[in-house]
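> Provided below for reference: sequence and predicted model.
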Amino acid sequence: MASSVAILMPGYPDAVGGVADHTDRLLESWSSIGYSVSVLGNITNHPKSVAHELARGDIGSILIEYVPFLYARHGLSRFPARLVANARSLGIRTTLFVHEPWVPPTRLPWLVLSPLQKRQLLRLARMCDAVVTPVPTWQRALRVPVSIVYSGSNLGRPGDRALDGSKSSCPVVFSPFAAGLSWSWISTATAKLRTTPPLTVLGASANQFREHPVTGQWYSPEWDYRGWLPPEEILGALARARLVLAPFVDGVTGRRTSILAALSVGARIVSSTGHLYDDFFGDGPIEVVETEQQFAEAAQRIWNTPDASGEQGRRVQWYRENLDYQILDERLLAIVTGKAQAQAT
């Protein structure tokens, strides 16, 4: 089998967002251990011609980054399935990474789109040699053998200096525009803590936060808005946080890169359960609660409890043993190249 690998990521390298960042990281990680890796960002060519171009380039395996809206405005596209069919006919191994499956039928247009996207994805999953996802609930929904590979943090490894410094004077929220972030819970918790300032927001300026259609209603001029910072500065701010607030409607899962970045520096985190909650994180160094009241109480208790000696270092060690991106990327590469079998875990 050819040793070169390709990644399908529409819009790359100009695309922005978590999936594009994941692709960037895989390109760097896999290249660093000796693989020839290319990224396909153009899906305007016919899938058959793309597959033949891959074969001529000695590509033995292809990873398909999948979020439905990557491929078409309404999340419905025949390109991935046609590419897989043509690639497999030429002996190219295909692996599907399902970052997001289909839209939930919570809005009127999605009552039609959701079942169509689901049908499309289930067919695509059956066609591929292997399927992976970062969410166990989706593992069961895809109806084929699926391996769990967490997305991991896209901010890199924190330097030693990131872990040094005095703790901040207020709780921290990172990636404020993340889908499903429960701002009502955060607002309730910060009101109980009564710190000055009440909250530090990493990833948005005051104007960006105020003008955003979701977060705008929660805007407070008293909060400290840091805007988007370089990765090292973000990790440093998370490392110095006495508390990171990260409640999500659907729960903490392996796709929550904001939580994973905070875990990488041993931050104290309070998060939430939900319909996609992953029990794996309940065994880790995260405080996980079920209700808004419990969230506020947990935040207050953690804030008022000094960190035990060496506790932050132990949290960092747990992260490195379980979620370090090098471990995740090598696990994914083994599946993509066929050196490990994709199977339910």
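Done, it's in. Numbering: from 1, shown residues only.
> Can you report phi and psi for residue 7?
phi -120, psi 130 (degrees, to the nearest 10).
> what sits against it?
23, 26-27, 37-40, 62-63, 65 (CB atoms under 8 Å, 6 or more residues apart in numbering). Bear in mind the C-beta positions are built from the backbone N, C-alpha and C, glycine included.
> Beta-bridge partners for it, please?
When bridges are called by DSSP bridges, residue 7 pairs up with residue 39, residue 63.
> Output the below-cut-off pLDDT ranges for the stretch 51-200 of the chain.
Across the stretch 51-200 of the chain, the ranges flagged by pLDDT under 70 are 160-165.
> Identify the residue nearest the geometric centre of this protein.
residue 255 (3.2 Å; CA atoms, centre = their mean).
> backbone phi and psi for residue 125, please?
phi -60, psi -40.
> Any quick ChimeraX command for the buried ones out of the contacts of residue 7?
To isolate the buried ones among those in ChimeraX, judged by 16 or more other CB atoms under 10 Å, type:
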select :23,26,27,37,39,40,62,63,65
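> can I get the contacts of residue 7 in a markdown table with distance to residue 151?
Output for those, formatted as a markdown table (distance: CB to CB, whole Å):
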| residue | distance to residue 151 |
| --- | --- |
| 23 | 11 |
| 26 | 10 |
| 27 | 15 |
| 37 | 18 |
| 38 | 21 |
| 39 | 17 |
| 40 | 20 |
| 62 | 19 |
| 63 | 13 |
| 65 | 11 |
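> thinking again about what came up before, help me confirm that the residue nearest to the centre of the chain comes into contact with residue 135.
Yes - shown here, residue 255 and residue 135 form a contact pair, counting by CB atoms under 8 Å, at 6.1 Å.
> nearest spatial neighbour of residue 144, skipping sequence neighbours?
residue 125 (5.0 Å; CB to CB, 6 or more residues apart in numbering).
> Let me see the contact set for the one you found.
Here residue 125 is in contact with 96, 98, 131, 142-144, 146 (CB under 8 Å, 6+ apart).
> OK, contacts around the residue of the chain positioned farthest from its centre?
Note on the chain: the largest C-alpha distance from the chain mean falls to residue 56, namely 32.8 Å (CA atoms, centre = their mean). Contacts for residue 56 (CB under 8 Å, 6+ apart) come out as none.
> One more: residue 195?
Contacts of residue 195 by CB under 8 Å, 6+ apart are 169-171, 303.
> Of these - the most surrounded one?
With neighbours taken as other CB atoms under 10 Å, the top of those is residue 171, carrying 24 neighbours.
> Is that one in contact with residue 199, as I believe?
Yes - counting by CB under 8 Å, residue 199 is a contact partner of residue 171 at 5.9 Å.
> Common neighbours of these two, please.
Common neighbours of residue 171 and residue 199 (CB under 8 Å, 6+ apart) are 190, 245.
> which residue ranges form the helices in the stretch 201-345 of the chain?
206-211, 231-239, 257-264, 279-282, 292-303, 311-322, 325-336 (DSSP state H, counting those that start in this stretch).
> List the buried residues of the fifth one.
Pointing back at helix 292-303 there. With the criterion 16+ other CB under 10 Å, helix 292-303 contains buried residues 292, 294-296, 298-300, 302-303.
> Show me how far stretch 109-123 is from its chain's centre.
Centroid displacement of stretch 109-123 relative to its chain, using CA atoms, centre = their mean, to the nearest Å, is 22 Å.
> can you check stretch 9-23 too?
With CA atoms, centre = their mean, you get 12 Å for stretch 9-23.
> For it, give me every contacting residue.
By CB under 8 Å, 6+ apart, stretch 9-23 touches 7, 24, 39-43, 65, 67, 70-71, 99, 151-152, 154, 255, 257.
> Identify the residues contacting residue 114.
With CB under 8 Å, 6+ apart, residue 114 has these contacts: 102-105.
> Drop anything exposed from these.
The neighbour-count test (16+ other CB under 10 Å) applied to the contacts of residue 114 identifies 102-103 as buried.
> Just the closest of the contacts of residue 114 to residue 329, please.
residue 102 (26.1 Å; CB to CB).
> the strands in the stretch 51-200 of the chain, which residues?
Assigned by DSSP state E, counting those that start in this stretch, the stretch 51-200 of the chain shows strands spanning 59-66, 93-98, 130-133, 147-148, 172-174, 200-202.
> would you list these in TSV and tack on distance to residue 80?
Formatted as TSV, those follow (distance: least, CB to CB, whole Å):
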stretch	distance to residue 80
strand 59-66	6
strand 93-98	8
strand 130-133	12
strand 147-148	19
strand 172-174	32
strand 200-202	34
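> Among these, which comes closest to residue 316?
For residue 316, the closest of the strands of the stretch 51-200 of the chain is strand 172-174, at 16.6 Å, according to CB to CB.
> for the closest one, packing partners?
Strand 172-174 sits against strand 200-202, helix 231-239, strand 244-245, helix 257-264, with contacts defined as 3 or more CB pairs under 8 Å, 6 or more residues apart in numbering; DSSP states H and E.
> Can you mark which positions in it are buried?
In strand 172-174, counting by 16+ other CB under 10 Å, buried: 172-174.
> The residues you listed into a markdown table, with extra columns for distance to residue 312?
Output for the buried residues of strand 172-174, formatted as a markdown table (distance: CB to CB, whole Å):
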| residue | distance to residue 312 |
| --- | --- |
| 172 | 14 |
| 173 | 19 |
| 174 | 17 |
